[in-house]
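Asks: my questions concern the predicted model and sequence given below.
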Amino acid sequence: MTASDRYSYGPYHEGPDPLAPPLDLREALSEIGREVMEGSSPRSALEELLRRGTSGMPGLEEITRRLWERRAEISRSHRLDGTLRQVRELLDAALDAERRALFPDPSDDARFAEMRLDALPSSTAGAVNELAEYPWRSETGRENYRKIRDLLGEELLESRFRGMKQALQNATPQDVERVRQMMSDLNDLLAAHARGEDTERQFAEFMAEHGEHFPENPRDTEELIDALAARSAAAQRMMNSMSAQQRAELDDLVGQAFGDPRIAQQIADLDANLRALRPGQDWESARRFRGEDPLGMGEAVAAMQDLGELDELAAALAQSYPGARLEDIDLEMLERQLGADARVDAARLAELERELRRQGMFERAPDGSLRLTPKALRQLGEVALRDIVGKLRGRKGQRETALAGAAGEPTGASRPWEFGDTEPWDVSRTVRNAVLRTASTGSPSVTLDVADVEIAETEQRSRAAVALCVDTSWSMVQDGRWVPMKRTALALQHLISTRFRSDALELITFGRHAGTVDITELTGLEPVWEQGTNLHHALLLADRHLRRHPDAVPVVLVVTDGEPTAHLESDGTAYFNWPPDRRTLAVTMTQVDSLARLGASISVFMLGDEPRLAAFVDLLARRSGGRVVAPDLDGLGAAVVSDYLRGRRS
């Protein structure tokens, strides 16, 4: 490396962190889908995801917890009478030094001075004001009294202008006069702005002369007012938070700021101007401070500003107002209060929300509500199907049922040969495997091994008409079967729409009545307290669907946790009775026989172990030539998909 080849490293400031892990939209969408399937609206599900966060990303709840910890730390650690205490300590030291200086003097003047000191008011403010014209004999007393006036001036100005206390340390009378002139010019500027005058030129002249006192570097009068009003309102809240006695003492003391009452008057005029220009600021609230660490006026105002910012951040993080978006969070303010990690976490959440919307996971329904898009539903279905395929692969003695069809047309995919496979070989891939294997061993000739063989996956191209009837009665919700039922429907719909597109799927829900729904409606279906399990109506709709596709293999799948307790009357009303009425069972079985005449066997997936339910579904399966499966909730999807594949091949 030459001398000119030098590198420097520092924080990355241009846009998002290039080394940050990518957003896991799949996990986020899965969480949103689960909430939606449990009955939440997509908007509520998105808000819940942002509130909780994901496995690798803290949510708004965690950021808010840190925020309230910071707020509690400020309130529990401090008290507001720091300036009063400092003044009292300086005053006591001044009086003690003055009495020591007077004691050796036998003159009447000395005795009169002692009487004057003894007659001082007990309040700190009263004593300081009484001593304004006192001729100090003690150098320590004179110096301490000057320190009191300087301290009051520095704290008073720091409470309205950030950084002024440091700027005025060891200030000369000329420095104080320049500050007083600055405030006079500032009040003139604000008054002109309040009258509606064009202050652009006046503002430029003011900043050219006094700009060093404003680290916020405002660009116009409005920004200057915003910065000053926030601090002035914090100073008022600080005064509101003091006891009445402390507030009265401080009000009396500020007139001694730098020994120039004009300073306090300019501050009062400034507060009045700002209050008129920004009435929406919080000028009235108070805080309770319970700590032991005393704060000076400037520090107390800074603490009040911190608390005000924390409250503002809490409102933004709550996202409880109309049209709330995570972009509303002031990231600079968040970093100022909670550090860089909090800023990164909030920015990542905002990016997650933005990406979910940008990539088309949500859309507006005709009624204005938010709903999942077909793209989002496809991804949810893909996840659900992948889980189911994993369970199918894990079944002992079974091959990849969902991935390889019976002999038929090739799908274009291949897999390693397994004992018992009858599908044709994929010759090109088999030869390629043999060449690669023997080349790696250094052999000059190519030999074929069983491990090289790949078979071409095929897919049965016969068409099926599938009716999936799912129980939506209240017991499905009550016993935790609502989400597994929806995930099963999502997986089956995704499998058919991607692998068996010629198949016709009808989703049928049945409670007191039955109805056909699309996958969007079923995914967002909310639980309803309603008694009745109208399997009769569901089978009627399944019958109608199968008759519309006479050339297709009929497949009827029923997911239920209860025996029929309702049926459809001839006038379209639903008759309900518990325990099940004989007529309900009779008309349901009649419909089972009608489906059997169409060649449809009914597979029933029984959720629950009630003896009456078991007896009924056993009878139904025997009458239709179908079968009964009693899966656990985790295995429901695998059972339904597996039975669908078996049914369309038979």
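Replies: Sure, I can see it.

Asks: chain center to stretch 463-473: distance?
Replies: 37 Å (C-alpha atoms, centre = their mean, to the nearest Å).

Asks: that should have said stretch 325-333, apologies.
Replies: 12 Å.

Asks: who touches it?
Replies: 50, 309, 312-313, 316-317, 319, 343, 346-347, 349-350, 353-354 (C-beta atoms under 8 Å, 6 or more residues apart in numbering). No exception for glycine: its C-beta is placed from N, CA and C like everyone else's.

Asks: go with 7 Å
Replies: When contacts are defined by C-beta atoms under 7 Å, 6 or more residues apart in numbering, stretch 325-333 is touched by residues 50, 309, 313, 316, 317, 343, 346, 347, 349, 350, 353.

Asks: what is the mean pLDDT for it?
Replies: Taken as a whole, stretch 325-333 has an average pLDDT of 85.

Asks: which of the contacts of stretch 325-333 fall within helices?
Replies: 50, 309, 313, 316, 317, 343, 346, 347, 349, 350, 353 (DSSP state H).

Asks: what is the most widely separated pair among those?
Replies: Spanning the widest gap among those are 309 and 353, at 22.6 Å by C-beta to C-beta.

Asks: redo the contacts of stretch 325-333 as a markdown table? Include pLDDT.
Replies: Putting these into a markdown table (pLDDT from 0 to 100) gives the following:
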| residue | pLDDT |
| --- | --- |
| 50 | 82 |
| 309 | 85 |
| 313 | 87 |
| 316 | 85 |
| 317 | 86 |
| 343 | 89 |
| 346 | 88 |
| 347 | 86 |
| 349 | 86 |
| 350 | 85 |
| 353 | 80 |
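
Asks: now those: which count as buried?
Replies: Buried members of these, scored by 16 or more other C-beta atoms under 10 Å, are 50, 309, 313, 316, 317, 343, 346, 347, 349, 350, 353.

Asks: dump the helix or strand encompassing residue 466 to CSV, keeping only the CA atoms.
Replies: According to DSSP states H and E, residue 466 maps onto strand 464-471. Output of strand 464-471 as CSV, limited to C-alpha atoms (Å, rounded to 0.1, in the frame of the first residue of the first chain):
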residue,chain,number,x,y,z
ALA,A,464,-61.3,-33.3,-9.5
ALA,A,465,-64.3,-31.3,-8.1
VAL,A,466,-63.5,-30.7,-4.4
ALA,A,467,-65.9,-29.5,-1.8
LEU,A,468,-64.2,-28.7,1.6
CYS,A,469,-66.9,-28.2,4.2
VAL,A,470,-65.7,-26.6,7.4
ASP,A,471,-67.6,-26.3,10.7
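
Asks: direction included, what does that strand pair up with?
Replies: strand 504-510 (parallel), strand 553-560 (parallel) (DSSP bridges).

Asks: got the phi and psi for residue 282?
Replies: Main-chain torsions, residue 282, degrees, to the nearest 10: phi -80, psi 100.

Asks: pretty sure it contacts residue 233?
Replies: Yes. Assessed by C-beta atoms under 7 Å, residue 282 is found in contact with residue 233 at 5.7 Å.

Asks: can you get me a residue count around the residue lying closest to residue 437 once chain neighbours are set aside?
Replies: Counting by C-beta to C-beta, 6 or more residues apart in numbering, residue 452 is the residue found nearest to residue 437 once chain neighbours are left out, at 6.3 Å. Applying other C-beta atoms under 10 Å, we find 20 residues neighbouring residue 452.

Asks: distance check, residue 452 against residue 201.
Replies: Residue 452 is 86 Å from residue 201, where distance means C-beta to C-beta, to the nearest Å.

Asks: residue 422 too?
Replies: Distance of residue 422 to residue 201, computed by C-beta to C-beta: 92 Å.

Asks: let's have the strands paired with strand 464-471 in CSV, adding mean pLDDT, mean neighbour count and distance to residue 139.
Replies: Formatted as CSV, those follow (pLDDT from 0 to 100; neighbours: other C-beta atoms under 10 Å; distance: least, C-beta to C-beta, whole Å):
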stretch, mean pLDDT, mean neighbour count, distance to residue 139
strand 504-510, 94, 22, 94
strand 553-560, 92, 25, 95
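
Asks: run through the helices of the stretch 351-500 of the chain in chain order.
Replies: 374-393, 427-441, 474-478, 482-499 (DSSP state H, counting those that start in this stretch).

Asks: right, so of the ones you listed, which gets closest to residue 589?
Replies: helix 474-478 (21.9 Å).

Asks: CA atoms only: put that closest one into CSV for me.
Replies: Extracted in CSV, the C-alpha atoms of helix 474-478 (Å, rounded to 0.1, in the frame of the first residue of the first chain):
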residue,chain,number,x,y,z
TRP,A,474,-69.0,-21.5,18.2
SER,A,475,-67.5,-24.7,19.6
MET,A,476,-64.8,-24.6,16.9
VAL,A,477,-63.7,-21.2,18.4
GLN,A,478,-64.2,-22.3,22.0
